[in-house]
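Chemist: fold the stuff below for me.
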Amino acid sequence: MPKADKTTTTTTTTTKGTAANHHASAATASASAPVALQPTKRGQDDDAADAEDAVRLLKRHDSEAIYKPRWSDSLSRVNSFSIIESTLREGEQFGNAFFTTEDKIAIARALDDFGVEYIEITSPAASEQSRQDCITICNLGLKAKILTHVRCHMEDARIAVETGVDGLDVVIGTSSYLREFSHGKDMDYIIKQATEVIQYIKSKGLEVRFSSEDSFRSDLVDLLNLYKTVDKLGVNRVGIADTVGCANPRQVYDLVKTLRGVVSCDIECHFHDDTGCAIANAYAALEAGATHIDTSVLGIGERNGITPLGGFCARMYVADKEYVIGKYNLHKLRELENLVAETVQIQVPFNNYITGYCAFTHKAGIHAKAILNNPSTYEILRPDDFGMTRYVSIGHRLTGWNAVKNRVQQLGLRLSDEEVKEVTSQIKQLADLKPLGIEEVDTLLRVFHAKINTPMVD
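Modeler: Predicted structure coming up:
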């Protein structure tokens, strides 16, 4: 499929590409003591200046600037975060996943090429093959740090330390559900066990993250007491996990902001997508001061999976395009997603963020006209920034004459606007019976052109 360059829009009936939901926030500053504020007198010059600023903002071709926060937020890490990519750990829990050693090597290298800071792999305590694969990945010489995810258990930690990983992600359930029906331990036991495991890992000079499991259904007092304890032990990160996907962005912001005031270490967040909030929750976490976000390619993982790498990048691209483009090799995303999709035997969804079949396809006549004049009218993501191509579909009853005119020009035909409108009417009549392929539309345009004897462009 041909790709358009940065100034070209291709008119056709098919596509590969995404859309991102826009969300931005502003934080307000609070004074240390109440102060009686007097209303500020504003004159006509002030109002006129504000109006001019507003007009300049709306006229900017870089319309994504509208979605950036207009006030600074001392907590926010929206433009300073790291990705812990968990396709080789969380992704292995996807129902269809079976990764051979060769699969893991290929995926790890592709993730490294994309530029993620961390790659998390399955616990070496899970099986002998998992242990051997862990050693293999550690010996690839990748730029990304290699982490493994282990239970808060000394034997798991010992096995993991011997594989050569850069760090261990330690986890234990803290909600009443998991304490009663999973491991059966109380908070005193959890704190004691966490202390022992963390001190052991630190003695080996490795990075350590300690995370609660099912954080949003855990008692807040228990949770904060646990986090304060492990922070004093010197962990690199504490982790919050929405294990069942029940949290919403407001809950996430509140918990992360509260935790940010309790610990001095970094904060990692892991969001499941059972209720569709994983990307929004990740963004809210960063706004509140989180520093690391867990992702997986195409979001694969336990049940409905977790925050998808592509979707997260789309969201953060809108928040700070320059930061994301400078940090990750976005052109590698499609290849990476195709690799994982093929490995787990699924199709990339038609509406997938950035790389989905319809992500950069424009069909309605009003949309097509605006896109041809200025792509920012209906696109918040630039397809060429991701190595993707924009397509305008014209072989259907909703087509508009401006889109057809664009195709006429691409074919080197000369038709007046009235003639383009006439042939557009013919396309619509035929498309009422069935959708037309691009070859059929091109044939119709050439035949129409020949009939009116308009000379071809040299």
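
Chemist: please enumerate the strands of this structure.
Modeler: 10-11, 82-85, 118-121, 145-151, 167-173, 207-213, 237-242, 266-271, 292-295, 361-362, 391-392 (DSSP state E).

Chemist: paired strands for the fourth one, with orientation please.
Modeler: So the one you mean is strand 145-151. When pairing is defined by DSSP bridges, strand 145-151 lines up against strand 118-121 (parallel), strand 167-173 (parallel).

Chemist: what about the closest residue to Ala108 other than its chain neighbours, how many residues nearby?
Modeler: Nearest residue to Ala108 in three dimensions, chain neighbours excluded: Ile137, at 5.3 Å (Cβ to Cβ, 6 or more residues apart in numbering). Where you see a C-beta, it was placed from the backbone N, CA and C, and this is true even at glycine. Other residues lying near Ile137 total 25 when counted by other Cβ atoms under 10 Å.

Chemist: pLDDT score assigned to Ile137?
Modeler: At Ile137, the pLDDT value in this model is 98.

Chemist: what's the answer for Thr87, then?
Modeler: 98.

Chemist: what distance do you get for the spatially most central residue of the chain to Ile452?
Modeler: Against the mean C-alpha coordinate of the chain, by Cα atoms, centre = their mean, the closest residue is Phe312 at 1.3 Å. Per Cβ to Cβ, to the nearest Å, Phe312 is found 52 Å from Ile452.

Chemist: now Glu418
Modeler: From Glu418 to Ile452 the distance is 11 Å (Cβ to Cβ).

Chemist: tell me which of the strands paired with strand 145-151 sits most buried.
Modeler: Stretch with highest mean neighbour count among the strands paired with strand 145-151: strand 118-121 (a mean of 27; mean count of other Cβ atoms under 10 Å).

Chemist: which non-adjacent residue is nearest the residue nearest to the centre of the chain?
Modeler: Thr295 (5.3 Å).

Chemist: ok, how many other residues are close to the one you found?
Modeler: There are 31 residues near Thr295, going by other Cβ under 10 Å.

Chemist: in this structure it contacts Pro308, no?
Modeler: Yes: when contacts are counted by Cβ atoms under 8 Å, Thr295 is listed as touching Pro308 (6.5 Å).

Chemist: burial count for the nearest residue to Leu372 once chain neighbours are set aside?
Modeler: In space, and not counting its chain neighbours, Leu372 is closest to Asn406: 5.4 Å by Cβ to Cβ, 6+ apart. Neighbour count of Asn406, defined by other Cβ under 10 Å: 21.

Chemist: wait, Asn406 touches Arg390, no?
Modeler: No: using Cβ under 8 Å as the test, Asn406 is too far from Arg390 to be in contact (11.5 Å).

Chemist: picking up where we left off before, among the strands of the chain, show the one with the smallest mean pLDDT.
Modeler: Looking at the strands of the chain, the weakest mean confidence is strand 10-11, a mean of 46.

Chemist: could I get the full set of helices for the stretch 101-250 of the chain?
Modeler: 101-114, 128-138, 154-161, 176-181, 187-203, 220-232, 249-260 (DSSP state H, counting those that start in this stretch).

Chemist: just for the stretch 101-250 of the chain, where's the confidence low?
Modeler: Counting by pLDDT under 70, the stretch 101-250 of the chain contains low-confidence ranges at 177-179.

Chemist: please redo it, this time with the cut-off set to 50
Modeler: Residue ranges of the stretch 101-250 of the chain with pLDDT under 50: none are present.

Chemist: list the contacts for Lys143?
Modeler: Asp112 (Cβ atoms under 8 Å, 6 or more residues apart in numbering).

Chemist: ok, it to Ala160 distance?
Modeler: 21 Å.

Chemist: cool, Phe94 as well?
Modeler: For Phe94, the distance to Ala160 - Cβ to Cβ - is 22 Å.

Chemist: next one: Glu322
Modeler: In terms of Cβ to Cβ, Glu322 sits 37 Å off from Ala160.

Chemist: neighbour count winner among those two?
Modeler: Ala160 (27 against 9).
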